[in-house]
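Asker: compute the structure for the input listed below.
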Amino acid sequence: MFEGFDRKRVAVSGAEINLVMGGAGPPLLLLHGYPQMGVMWHKIAPRLAEHFTVVVADLRGYGDSSKPESDATHAAYAKRTMAQDQVEVMAALGFDRFHVAGHDRGGRVAHRMALDHPSRMSRVAVLDIAPTHKIFATVDKAMATAYYHWFFLIQPKGLPEHLIAKDPEHYLRHTLGSWGLGDGAFTDEAVKEYVRCFSDPATIHASCEDYRAAASIDLEHDEADMQTKVACPLLVLWGAKGFVAKAYDVLDVWRERAADVRGKALDCGHFLPEEKPDETYVALHDFFREA
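Answerer: Numbers count the residues shown, from 1 in each chain. Presented below is the predicted three-dimensional model:
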């Protein structure tokens, strides 16, 4: 995977970020979701690298990036902190302004990045998410059932860490299979990497801290910025067979949070870049090439 890409490790404030980089053209940062790592972009990144300088990063706490210590505030895994990481990564690579596409947790980081660093963002794409604050504000039975992990992972005193660590591969495979359209979307090579990284107790803990931050400090940041909209063009893609499509008028909820929104559903579940790589590639390519 990622043949022809350079592998790098970039020191930022409080963490080291693992990434691969390849291609030429306008800079494009790709961010992954839970419970994965940058590898999730392996079907699309090489094609995007024909037109862009593509940076595929592991978020702090995930993959081969470092897993900083956290505390009761969960600030080490706030989306503000994770967004700052990636802005520093891109600056270290020589890019002060860039495009970003984020899936799942990476989309939440991209949303926060666009609010905190508007001068750095050219265009932003978010994949298969509604805004975090919107989701917590509209919790019902369907949401709690589909997103049970949001409430499981935030439990204190190491409970989710302990239970997941008993069989992390089973938990990982169950998550991939139940959120998407089955294991057939995921290559053996990619799943092997997901299992390798998610079997690390430090990754399990860091990913729980990510969700604990989402239910606490991230909401505080979101509430302080409710009157601020994403200023740059925003592309929203989502899976027509997933929870987001069933629960929200996706474009409308993002128009509450951004000034210039466009997008569409793809015929898949949650994992767009792996379930529908061709369609996802075309949508991202066309959007970012408009700039």
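Asker: pLDDT on stretch 250-257, on average?
Answerer: In this model, stretch 250-257 has an average pLDDT of 98.
Asker: I meant stretch 204-221, not that one.
Answerer: On average, the pLDDT along stretch 204-221 is 98.
Asker: the residue positioned nearest the centre of the chain sits in which helix or strand?
Answerer: Closest residue to the average C-alpha location of the chain: residue 106 at 1.6 Å, with Cα atoms, centre = their mean. Using DSSP states H and E, the element containing residue 106 is helix 105-116.
Asker: buried residues in that helix?
Answerer: 105-116 (16 or more other Cβ atoms under 10 Å). All C-beta spots, glycine's among them, are computed from the backbone N, C-alpha and C.
Asker: next, the angle helix 105-116 makes with the helix or strand just after it.
Answerer: Counting by DSSP H and E, the next helix or strand C-terminal to helix 105-116 is strand 121-127. Inter-element angle recorded for strand 121-127 and helix 105-116: 150 degrees (by axes from the mean of the first three to the mean of the last three Cα atoms, to 10 degrees).
Asker: so how far is whichever helix or strand comes after strand 121-127 from its chain's centroid?
Answerer: Of the helices and strands lying after strand 121-127 in sequence (DSSP H and E), the nearest is helix 132-137. Its chain's average C-alpha position is 16 Å from that of helix 132-137, according to Cα atoms, centre = their mean, to the nearest Å.
Asker: for helix 132-137, name the packing helices and strands.
Answerer: Packing partners of helix 132-137 (3 or more Cβ pairs under 8 Å, 6 or more residues apart in numbering; DSSP states H and E): helix 217-224.
Asker: could you give the angle of the helix it packs on to helix 105-116?
Answerer: Using the same axes, to 10 degrees: helix 217-224 against helix 105-116 is 40 degrees.
Asker: and helix 217-224, which residues are buried?
Answerer: Neighbour-count burial for helix 217-224 [16+ other Cβ under 10 Å]: 217-218, 221-222.
Asker: make a markdown table out of these and add distance to residue 80.
Answerer: Below are these laid out as a markdown table (distance: Cβ to Cβ, whole Å):
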| residue | distance to residue 80 |
| --- | --- |
| 217 | 8 |
| 218 | 8 |
| 221 | 6 |
| 222 | 10 |
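Asker: which of those sit farthest apart?
Answerer: By the measure Cβ to Cβ, 217 and 222 form the most distant pair in the buried residues of helix 217-224, at 9.7 Å.
Asker: name the element residue 10 belongs to?
Answerer: strand 6-12.
Asker: list just the nearest of the buried residues of helix 105-116 to residue 84.
Answerer: The closest of the buried residues of helix 105-116 to residue 84 turns out to be residue 116 (Cβ to Cβ; 7.4 Å).
Asker: how about that closest one, what does it touch?
Answerer: 80, 83-84 (Cβ atoms under 8 Å, 6 or more residues apart in numbering).
Asker: name the residues that touch the helix or strand where residue 237 lies?
Answerer: Assessed by DSSP H and E, residue 237 sits inside strand 234-239. Here strand 234-239 makes contact (Cβ under 8 Å, 6+ apart) with 101, 114, 123-129, 244-245, 250-251, 254, 258, 260-272, 275, 280, 283-284, 287.
Asker: which of those are buried, as a ChimeraX select command?
Answerer: Provided next is the ChimeraX selection string for whichever of the contacts of strand 234-239 are buried by 16+ other Cβ under 10 Å:
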select :101,114,123,124,125,126,127,128,129,244,245,250,251,254,258,261,263,265,266,268,269,270,271,272,275,280,283,284,287
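Asker: where exactly do the strands run in the stretch 51-200 of the chain?
Answerer: 53-57, 98-103, 121-127 (DSSP state E, counting those that start in this stretch).
Asker: can you redo the ones you listed as CSV with distance to residue 159 and mean pLDDT?
Answerer: Below are the strands of the stretch 51-200 of the chain laid out as CSV (distance: least, Cβ to Cβ, whole Å; pLDDT from 0 to 100):
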stretch, distance to residue 159, mean pLDDT
strand 53-57, 29, 98
strand 98-103, 27, 98
strand 121-127, 30, 98
